[in-house]
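Student: pasted the sequence and its predicted model underneath.
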Amino acid sequence: MITVLVHIQNQESIKMDVEEIPGPGDANLVGKNPRERTDKEVDWIEDGVTTILLPMWRITLIEVLPSPSEETEFPLPFRND
């Protein structure tokens, strides 16, 4: 699974897991385990929903987040002292 941060028009961005990155011809984005940036439940999604379908015309930007193993490979540009 690939974790992405999806920026939706007129909504807060949400994190979710996708099987593959959408291509230029895709009309929808299918995501599992939708959650807020802070990993809390999204309040506008009903309780118990585990998979959502978002139309691409509502999506402004999709950020691909690094997996936990990749996070340690790339040092951050600031110090955490």
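Tutor: Received it, and whenever you're ready, just let me know what you need. Numbering: from 1, shown residues only.
Student: beta partners of K32?
Tutor: In this entry, K32 is beta-bridged to D17, T51, by DSSP bridges.
Student: number the chain from 31, please
Tutor: Yes, from this point I'll number from 31; that puts the last item at K62.
Student: gap between it and L84?
Tutor: 12 Å (CB to CB, to the nearest Å). Any C-beta I mention is one placed from the backbone N, CA and C, and that applies to glycine too.
Student: comparing these two, which residue is more hemmed in?
Tutor: Per other CB atoms under 10 Å, whichever of K62 and L84 has more neighbours is L84, with 19 against 13.
Student: my guess is the more buried one contacts L59, does it?
Tutor: Yes: in this structure, L84 is within contact of L59 by CB atoms under 8 Å, at 4.7 Å.
Student: show me the common contact partners of these two, please.
Tutor: V36 (CB atoms under 8 Å, 6 or more residues apart in numbering).
Student: mind listing what the spatially closest residue to V94 that is not a sequence neighbour touches?
Tutor: Spatially, and ignoring its direct neighbours in sequence, V94 is nearest to V34 (5.6 Å; CB to CB, 6 or more residues apart in numbering). Shown in contact with V34 (CB under 8 Å, 6+ apart): K45, M46, D47, V48, I51, G61, I92, E93, V94, L95.
Student: isn't the fifth one up against I32?
Tutor: Translated: I51. Yes: if you go by CB under 8 Å, I51 and I32 touch, sitting 6.6 Å apart.
Student: how about low-confidence regions in the chain?
Tutor: Scanning the chain for pLDDT under 70 picks out the ranges 98-106, 109-111.
Student: tell me where it has helices.
Tutor: Counting by DSSP state H, the chain has helices at residues 98-101.
Student: now for I51 and I32: what residues contact both?
Tutor: V94.
Student: how about the contacts of V34, which pair is most distant?
Tutor: K45 and I51 (14.8 Å; CB to CB).
Student: those two: which is more packed in?
Tutor: Counted by other CB under 10 Å, K45 and I51 do not tie: K45 has more neighbours, with 19 against 11.
Student: mind listing what the more buried one touches?
Tutor: T33, V34, L35, V36, P64, R65, E66, R67, D69, L95.
Student: let's see it at 10 Å
Tutor: Going by CB atoms under 10 Å, 6 or more residues apart in numbering, K45 touches 33-36, 61, 63-69, 72, 93, 95.
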